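Participant: what's the 3D shape of this:
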Amino acid sequence: MTLLLDLSDLEREVGGEVDFRITGGLPEDADVNGARFGPVTVKGRALWTGRTVLVRAVASTEAVLTCSRCLGEFRTGLSAEFVQEYRPEAETCPSGGGGDLRQHPQRQGCRPEEDASSAGHGEVRGDGGEVPEEPLPFVGQVIDLTAPAWGALVLELPMKPVCSERCRGLCPVCGTDLNRESCTCRVEEVDPRLSPLKKLLEKAKERSD
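Facilitator: Below is the predicted model of the structure:
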């Protein structure tokens, strides 16, 4: 399942806009450190700039992550904004006609510079925010938002997921989950700055033995 945006209601007139809300899934190979993702909802607005379709949206989903301390699984919500520009791919374009995608389906894959509806008009870029330099191509009335939505959500994943700030993790000696029960293992805490000295002392002791 993918995140497909239907542009049937977007008029090809400079400044034409359409709000949308779609729900779909990520690719089956969408995997980051074993994380699992639920359905993704993308809500935003598509704008016809006169040459391209500019999409500004927010992607949200629920992810199942593995805690870096106790190795237990936990659920967390993810939400990320993204901006992506799309360029209609070139097809055989009939001349003339209006600018409504719904009225001229045979023109939906035409390059904007060949489209009479964009001739003589200016170009708008939306209401602020960074826009990717290279637009992605599309053909027809459907845009695939899967890649930009997935890319934005990945950036929101924590480097070291933690189920709770109070998570005590696992005992480094016996592996007991210290959130559920305690153990009698003795763990020596060594200042990291002194660990090289400790190793030298251990080697010296081994030689003397």
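
Participant: I'd like to know which elements the longest strand belonging to the chain is packed against.
Facilitator: For the chain, the strand reaching the highest residue count under DSSP state E is reported as strand 73-88. In terms of contacts (3 or more C-beta pairs under 8 Å, 6 or more residues apart in numbering; DSSP states H and E), strand 73-88 is packed against strand 53-66, strand 136-138, helix 146-155. The C-beta positions use only the backbone N, C-alpha and C, and glycine is treated the same way.

Participant: partners of it, with directions?
Facilitator: Strand pairing for strand 73-88, determined by DSSP bridges: strand 53-66 (antiparallel), strand 136-138 (parallel).

Participant: please identify the deepest-packed of the ones you listed.
Facilitator: Mean neighbour count, computed with mean count of other C-beta atoms under 10 Å, is highest for strand 53-66 among these, reaching a mean of 20.

Participant: what inclination does it have with respect to helix 146-155?
Facilitator: When axes from the mean of the first three to the mean of the last three C-alpha atoms, to 10 degrees is applied, the directions of strand 53-66 and helix 146-155 differ by 40 degrees.

Participant: what distance do you get for the residue nearest to P39 when sequence neighbours are not counted to K160?
Facilitator: Closest residue to P39 apart from its sequence neighbours, by C-beta to C-beta, 6 or more residues apart in numbering: T23 at 5.5 Å. As judged by C-beta to C-beta, to the nearest Å, T23 and K160 stand 30 Å apart.

Participant: check what pLDDT C163 gets.
Facilitator: Reported pLDDT at C163 in the predicted model: 95.

Participant: all helices for the protein, in order.
Facilitator: Here the chain has its helices, by DSSP state H, at 146-155, 195-208.

Participant: among those helices, which is nearest Q84?
Facilitator: Proximity to Q84 (C-beta to C-beta) singles out helix 146-155 among those, at 4.2 Å.

Participant: buried stuff in the one helix or strand in the chain whose mean pLDDT sits lowest?
Facilitator: One helix or strand of the chain scores below all others by mean pLDDT, DSSP states H and E: helix 195-208, with a mean of 77. Taking 16 or more other C-beta atoms under 10 Å as the neighbour-count basis, helix 195-208 is seen to contain no buried residue.
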